[in-house]
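Chemist: Pasting the sequence and the predicted model now:
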Amino acid sequence: DSGVTQTPKHLITATGQRVTLRCSPRSGDLSVYWYQQSLDQGLQFLIQYYNGEERAKGNILERFSAQQFPDLHSELNLSSLELGDSALYFCASSVGAGEYNEQFFGPGTRLTVL
Amino acid sequence: TQLLEQSPQFLSIQEGENLTVYCNSSSVFSSLQWYRQEPGEGPVLLVTVVTGGEVKKLKRLTFQFGDARKDSSLHITAAQPGDTGLYLCAGVGVYNFNKFYFGSGTKLNVKP
């Protein structure tokens, strides 16, 4: 158990819908990272927040958005869902920001878009 | 397309054999990390290599960062069934230390 929690564990929805994925970092961690893992593209970095502020952006679609709240939990919002958005979405947290901070990954949310 | 290419994609070997996994890119990275992921779980960090040419050893695992900081390798000696899993390399961006670029992974199966 990494100490990072993600809800829900599984999510099944239809194309065109909007969903929210939630992440609670380890106690004391200020950074939250979001990743998408699909079968054909491996793990893709989406976005990172540090203490409520966006610090880095990866291959995140305009239909996707995220935020980190004052209590440091984070939400990833996915809208106008397409079949290709079906994937595992991981959240990771670290104490600080930057490469020397070990990221601890949550168990992931499996999103299925039908 | 992945910025980091890993090879081989799949590897099935017998317990006791040695193996090497490669992680290659045309881009330079500030540092490189290796993770291991088991089914149904998130990746777990194994090591971070920072300096070009650096070699790090963790028990039976040896990690090397290329001199030009564009590639890395993971060598496992005397593989055990407990080594089975998905091995991922991740490069850290030179201009933004918060950007991580993951390879597509090497799925290792060690048969008893």
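Modeler: Structure's in. What do you need? Note that this is a predicted model, so its numbers are computed, not measured. Residues are numbered from 1 along each chain as shown, chains lettered A, B, ... in the order given.

Chemist: which non-adjacent residue is nearest the residue in chain A that chain B sits nearest to?
Modeler: Proximity of chain A to chain B (C-beta to the nearest C-beta) peaks at residue A:105, 2.7 Å away. To be clear about C-beta, it is placed using only N, CA and C from the backbone, and glycine gets the same treatment. Spatial nearest neighbour of residue A:105, chain neighbours left out: residue B:42 (2.7 Å); criterion: C-beta to C-beta, 6 or more residues apart in numbering or on different chains.

Chemist: Pretty sure the one you found sits against residue A:103.
Modeler: No. Under the criterion of C-beta atoms under 8 Å, residue B:42 makes no contact with residue A:103, lying 9.1 Å away.

Chemist: In contact with residue B:26, which residues?
Modeler: residue B:70 (C-beta atoms under 8 Å, 6 or more residues apart in numbering or on different chains).

Chemist: same deal with the one 4 residues further on?
Modeler: Neighbour list for residue B:30: A:99, B:50, B:69, B:91-94, B:97 [criterion: C-beta under 8 Å, 6+ apart].

Chemist: Would you quantify the distance from it to residue B:100?
Modeler: According to C-beta to C-beta, to the nearest Å, residue B:30 stands 10 Å off from residue B:100.

Chemist: So for these two, which residues contact both of them?
Modeler: Common contact partners of residue B:30 and residue B:100 (C-beta under 8 Å, 6+ apart): B:91-93.

Chemist: and chain A, which of those residues contact it?
Modeler: Contacts with chain A within the shared contacts of residue B:30 and residue B:100, as defined by C-beta under 8 Å from any C-beta of the partner chain: B:92-93.

Chemist: By neighbours, which of the shared contacts of residue B:30 and residue B:100 wins?
Modeler: Within the shared contacts of residue B:30 and residue B:100, residue B:91 tops the neighbour count with 26 neighbours, counted by other C-beta atoms under 10 Å in any protein chain shown.

Chemist: tell me the pLDDT at it?
Modeler: The score at residue B:91 is 91. That number is its pLDDT.

Chemist: which SS class is it?
Modeler: Of the three states, residue B:91 takes strand under DSSP: H, G, I helix; E, B strand; the rest coil.

Chemist: Please give me every residue in contact with it.
Modeler: With C-beta under 8 Å, 6+ apart, residue B:91 has these contacts: B:3-4, B:25, B:27, B:29-33, B:100-101.
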